[in-house]
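J.: kindly return the folded structure for what I paste below:
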Amino acid sequence: MPNSLKPVYPAKDNNIHWGNLHGCSQDLLIAKAAMEFKGVILFITPDMNTAYQAQSNIEFFSDGKANVKIFPDWETLPYDMFSPLEDIISERLKLLYQLPRLQQAVLIIPATTLMQRIAPAEFVEANSLVLKTGDCLDIELLREQLQLSGYRNVSQVIEHGEYATRGSLVDLFPMGSDTPYRIDFFDDEIDTIRSFSTEDQRTIEKLDSIELLPAHEFSLDEKSIRLFRQNYRRSISGEPTKSLVYQGVTNGNPLAGIEYYLPLFFEKTAVLLDYLPDKSMLFISEETDRAVDQHWANIADRYEQRRHDVERPILSPEVLWLSPNELNQKLAAFRKVYLHRDEHDGIAQNYKTTALPPLLIQPRSEHPLLLVQQFLAAHDSKVLFTASSAGKRENLLGILKDNSISCHTMETWQDFNKNGQKRVVTVAPLHDGLWLEDDKLIVIPETLILGVQVEQQRRRKKTRDADAIIRNLTDLSEGSPVVHEEHGVGRYLGMQTITTDGMEAEYLMLEYAKGDKLYVPVASLHLISRYTGVTDAAPLH
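T.: Residues are numbered from 1 along each chain as shown. Next up, the predicted model:
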């Protein structure tokens, strides 16, 4: 590992500034800190894109050994009239449950998400349940608990927050879980717990216990509804009976976007900082203050646009978010490391990193990689080129070879540091480079050579052409080419009823190359869209 980059930590109840951090050097430092600090590091970024990039970088520089998590944003605009996706709520609840118990981890969160007021820790604890094989539990009581926790009763479990019952079987997709579970009762005793696939409903593996988290970041039991009604009348002027929001919660059927009334379900809310264990340290990225101020201004604008709706009156910004001043007051209680691109005066550790020069390919030039060739010739350093995928790595290797730059391939950051090879290419989703002159080490991502952008993960589901989505089975005729979102182009061969684990369900039968068959449950029809090319020449994947 580079010797010139060593984390210097603040003294107890103090702060420190890390300066002169060019490229991705701050993520390399945090990766080192993650392996050394026996507590939780909360890394606050300006936005979600920076958070995803930091997660990828830290995982790469730690060779996957650091426990890196992202606390996701709702991915809705302030005061939106639709709710976050179930998988977002699932991940948030999972992290809120785990956070007080974490011993050593990096949790990354955008500053704008950190401003949000959320459910208190007592709510998550009180509404979480562990089920074990051998436990005695009345199946009707479990149904009631699931309903009160916000789970939806469906005929077939597909998404987080759903459950279904068939005799002595309960199918359940808990929030925070990667897979749904099938619980088999023998009288009032849990006989077996197995995970299963939503695609074909087949069981996968047997488990001894599972954790059930609430289905929402609030509760819809009698007490919570009563508290909501009291707080609503206290916080919002006007006649409650004219409010669709008030009526919806009263009837136990809240409207989409109810998350922007979350504080009304509780006596007192919390913020994510309240969930941190005692041994925690904050790392705050540059531009965070500007992002917070901008977000607060956007909230105020949205409030002015929406606050005159009689049917959906809204809460004031101060009830839903921390103001910039309140956020700073909350942050003051923690040890903090402030990260800066340029050198910093005062209590600071300024590192010896250098910004890389322009290295962009010149495709029309006689020597397209002349800038890269000149840079390498001028510096006797180990160089790591990175590409975001195996396919792009092969493409980059070919371009470098065509320009007389010979490289070896390696799998990890540790391999590169241990090996004596001077020119190496690996797969890593880096966007910014790294130049440590004292260590004679350079990292050059493909983005700096080819000008391409590394794609980052998104929680939001892919949007597709609305006209292409299959909404009804009558849209399909046998032999028609269709596109499955995950498996590509196949041909629709009709419907088939299949019985799995005693449950009958209808499936679309698709044919792929070499006669392969794929059975898609009708509940997953949204994954199928029309093939928009020449249908007679549709290629089978």
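J.: how about the helices in the stretch 1-150 of the chain?
T.: 25-36, 48-61, 86-98, 111-114, 121-126, 139-148 (DSSP state H, counting those that start in this stretch).
J.: what are the buried residues along the fourth one?
T.: Translated: helix 111-114. 111, 112, 113, 114 (16 or more other C-beta atoms under 10 Å). C-beta: built from backbone N, CA, C; applies to glycine.
J.: can you check the fifth one too?
T.: When burial is assessed from 16+ other C-beta under 10 Å, helix 121-126 yields the following buried residues: 123, 124.
J.: can you tell me what sits against that helix?
T.: 93, 96, 97, 100, 213, 214, 218, 219, 266, 270, 274, 275 (C-beta atoms under 8 Å, 6 or more residues apart in numbering).
J.: I'd like the residues you listed as a markdown table, with pLDDT appended.
T.: A markdown table is the format used below for these (pLDDT from 0 to 100):
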| residue | pLDDT |
| --- | --- |
| 93 | 94 |
| 96 | 95 |
| 97 | 93 |
| 100 | 91 |
| 213 | 89 |
| 214 | 88 |
| 218 | 93 |
| 219 | 89 |
| 266 | 96 |
| 270 | 97 |
| 274 | 97 |
| 275 | 97 |
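J.: how many residues are close by residue 415?
T.: Each residue near residue 415 was counted by other C-beta atoms under 10 Å, and the total is 16.
J.: now swap in residue 400 and tell me
T.: Neighbour tally, residue 400, other C-beta under 10 Å: 19.
J.: how about the host helix or strand of it: buried residues?
T.: Element membership for residue 400 (DSSP states H and E) is helix 390-402. Neighbour-count burial for helix 390-402 flags 392, 393, 396, 397, 399, 400 (criterion: 16+ other C-beta under 10 Å).
J.: for the first one, give me its contacts.
T.: Residues near residue 392 by C-beta under 8 Å, 6+ apart: residue 446.
J.: could you check how far it is from residue 358?
T.: 21 Å (C-beta to C-beta, to the nearest Å).
J.: let's have the contacts of helix 121-126 in CSV, adding neighbour count and distance to residue 498.
T.: Listed next are the contacts of helix 121-126 as CSV, based on neighbours: other C-beta atoms under 10 Å; distance: C-beta to C-beta, whole Å:
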residue, neighbour count, distance to residue 498
93, 24, 33
96, 25, 38
97, 20, 36
100, 15, 44
213, 23, 31
214, 28, 33
218, 23, 38
219, 22, 37
266, 20, 45
270, 17, 46
274, 13, 48
275, 23, 44
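J.: low-confidence ranges in the stretch 1-150 of the chain?
T.: 1 (pLDDT under 70).
J.: which other helices and strands contact the longest strand seen in the chain?
T.: Longest strand in the chain by number of residues, with DSSP state E as the criterion: strand 488-500. Contact analysis of strand 488-500 by 3 or more C-beta pairs under 8 Å, 6 or more residues apart in numbering; DSSP states H and E lists strand 481-484, strand 503-511, strand 517-521 as its packing neighbours.
J.: adding mean pLDDT, mean neighbour count and distance to residue 429, write these out as CSV.
T.: Converted to CSV, the helices and strands packed on strand 488-500 look like this (pLDDT from 0 to 100; neighbours: other C-beta atoms under 10 Å; distance: least, C-beta to C-beta, whole Å):
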stretch, mean pLDDT, mean neighbour count, distance to residue 429
strand 481-484, 83, 20, 26
strand 503-511, 83, 17, 32
strand 517-521, 88, 16, 30
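J.: out of those, which is closest to residue 349?
T.: strand 481-484 (52.1 Å; C-beta to C-beta).
J.: what's the closest one packed up against?
T.: strand 488-500, strand 528-530.
J.: hmm, 10 Å instead?
T.: strand 488-500, strand 503-511, strand 517-521, strand 528-530 (3 or more C-beta pairs under 10 Å, 6 or more residues apart in numbering; DSSP states H and E).
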